[in-house]
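**Q** Sequence first, predicted model second:
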Amino acid sequence: MKSFTDTRRTAAFILSKWLATREFPSAMLPEGKDRAFVQDMVYTAIRRLRALRFVLGDFVRQWPKGELESLLYIGAAQILYMDDVPDFAAVNETVNAAKGCENPSIARVVNGVLRNLLRNLDAVKAKIAAAGPEVRESFPSAIARRWKERFGEERAAKLMAWHNLPAVTFIAGADGSFHALERGRKVGDSQLFAQGKAIVQNPSTANATNLLGVEPGERVLDACAAPGGKTIRLAWAGAKVTACEVNPKRRERLVENLRRTGLEEKVRVIDSLEELAPGETFAKVLADVPCSNTGVFRRRPDARWNWSEEKLAALERLQAEIADWCAKFVAPGGSLVYSTCSNEPEENQFAVKAFLERNPGFALAEEIEHVPGEGDADGAYAARLVKSQTISTTKENKAT
């Protein structure tokens with residue numbers, strides 16, 4: 001049986017690896033009963049990284065690296081942000097975890113810093129509370145600045161605070177219903193999920209499939225299909241779905257989810273849009289494009305630290321390429337739904353406007369954006385673009 005010390009050491013190892021590589025922390029989490037607690041420590045430390053560094057700097061002469069840095073983050077995250085962990089356990093177990101390090105001085109430093117943090121806890125909390133929202137809520141300055149410009153100071157601060165709340169997991173049924181999973185319960189505990197009659201999906205992501213408005217028997221292309229939630233909803237609605245996913249690992253997840261829901265034989269899975277026959281078209285096409293994830297920072301705490309203006313520009317180019325490619329497969333009179341889990345205009349409204357300029361054969365019929373801040377729905381955007389029944393494909397794509 002793993003001890004509490006093992007869980008802290010595992011969390012520190014994952015955090016240290018993430019700090020060095022920026023790999024997905026979710027892919028590093030252990031299986032088994034300790035997974036939830038390890039995830040809570042890792043995600044809390046990542047989510048609160050800027051605030052933790054802001055106050056820990058007062059207790060170290062020189063900023064540490066490697067195992068020591070990660071152990072300090074993990075220990076301080078428990079003390080400052082994990083109310084269900086007693087302070088004595090946070091300190092003692094993190095120090096015990098540090099004793100497993102090759103350098104014996106690491107445990108002494110961790111012990112001294114965390115106990116000093118505890119002795120000055122009220123002052124530390126007051127320092128965080130008095131800091132600006134980007135420090136207090138632990139967000140990169142670039143994101144905080146653009147949100148302040150778009151939403152104003154007060155709403156931007158509330159939005160950053162919302163993204164630090166624990167993410168709520170929703171079970172979506174084949175009947176279109178959504179049920180929030182109680183905190184601490186495993187997805188597999190849901191009878192509907194275990195029976196393959198439900199998927200994990202946030203209510204805001206249903207906007208994209210709802211906008212498509214598929215009818216039973218309609219041919220539908222899901223162009224960026226993994227992990228498969230939207231594909232499954234389309235299949236449940238009776239559509240004849242072709243699901244495309246170019247990433248092999250993500251395609252495995254797509255197939256696994258189709259198998260679990262009994263839809264593997266009903267959905268055509270392809271590796272690339274180039275597999276489609278020349279001239280093949282669909283009544284409805286969904287382009288749920290890769291994005292910066294700013295609408296799901298609560299669920300993806302690491303994504304805020306991977307964000308940059310340069311990466312946003314690169315995503316804009318990729319999104320335009322995918323949207324233009326998907327446009328070729330929309331039948332005359334059909335619809336293309338473009339969607340993201342971002343709340344950045346460059347990836348949403350501006351991207352749609354640019355698409356319409358490049359593809360004059362399409363018109364915007366409807367768009368929905370949910371910016372979080374209240375309730376449990378993540379941020380998301382979706383736009384339905386209708387293709388003219390008369391204009392030719394050649395004419396439409398002259399500007400592409």
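**A** Cool, got the structure.

**Q** Backbone dihedrals for the closest residue to E153 other than its chain neighbours, please?
**A** Excluding the flanking residues, the one nearest E153 by C-beta to C-beta, 6 or more residues apart in numbering is P133, at 7.8 Å. C-betas here are computed from N, CA, C, even on glycine. When read as degrees, to the nearest 10, the backbone of P133 gives phi -60, psi -30.

**Q** Surely V110 and S70 touch.
**A** No. Using C-beta atoms under 8 Å, V110 is not in contact with S70; the gap is 10.2 Å.

**Q** ok, how many other residues are close to the residue nearest to E153?
**A** By the measure other C-beta atoms under 10 Å, the count of residues near P133 is 19.

**Q** Quick one: list the elements packing against the helix or strand containing A90.
**A** Using DSSP states H and E, the element containing A90 is helix 87-98. Applying 3 or more C-beta pairs under 8 Å, 6 or more residues apart in numbering; DSSP states H and E, one finds that helix 87-98 makes contact with helix 4-21, helix 66-81, helix 105-119.

**Q** Not counting that helix itself, show me its contacts.
**A** 4-9, 12, 67-68, 71, 74-75, 78-79, 82, 106-107, 109-111, 114-115, 118 (C-beta atoms under 8 Å, 6 or more residues apart in numbering).

**Q** Show me which positions of it end up buried.
**A** A90, V91, N92, E93, T94, V95, N96, A97, A98 (16 or more other C-beta atoms under 10 Å).

**Q** Give the closest residue to the first one in space, chain neighbours not counted.
**A** Right, the one you point to is A90. Closest to A90 by C-beta to C-beta, 6+ apart is Q78, at 3.6 Å.

**Q** that older thread, now which of the contacts of helix 87-98 would you call buried?
**A** By 16+ other C-beta under 10 Å, these give 4-9, 12, 67-68, 71, 74-75, 78-79, 82, 106-107, 109-111, 114, 118 as buried.

**Q** now the residue nearest to L263 when sequence neighbours are not counted, what's its secondary structure?
**A** Spatial nearest neighbour of L263, excluding adjacent residues (C-beta to C-beta, 6+ apart): A235 at 4.9 Å. The three-state label given to A235 by DSSP: H, G, I helix; E, B strand; the rest coil is helix.

**Q** do G100 as well
**A** Going by three-state DSSP: G100 is coil.

**Q** What pLDDT is listed against it?
**A** In this prediction, G100 carries a pLDDT score of 92.

**Q** ok, how many other residues are close to it?
**A** Around G100 there are 14 residues (other C-beta under 10 Å).

**Q** does it really touch R8, like I thought?
**A** No. G100 is beyond contact range of R8, at 9.6 Å (criterion: C-beta under 8 Å).

**Q** coming back round to it: mind checking which of the helices and strands packed on helix 87-98 is nearest V371?
**A** helix 66-81 (24.6 Å; C-beta to C-beta).

**Q** what's the angle between the closest one and helix 4-21?
**A** 110 degrees (axes from the mean of the first three to the mean of the last three C-alpha atoms, to 10 degrees).

**Q** Which strands and helices lie in contact with helix 66-81?
**A** helix 4-21, helix 35-47, helix 49-56, helix 87-98, helix 105-119, helix 121-130.

**Q** Next, the buried residues of the second one.
**A** Going back to what we said before, that points to helix 35-47. Buried-residue list, helix 35-47, by 16+ other C-beta under 10 Å: F37, V38, Q39, D40, M41, V42, Y43, T44, A45, I46, R47.

**Q** for stretch 199-206, same thing?
**A** Applying 16+ other C-beta under 10 Å to stretch 199-206 flags I199, Q201, N202, P203, S204, T205, A206 as buried.
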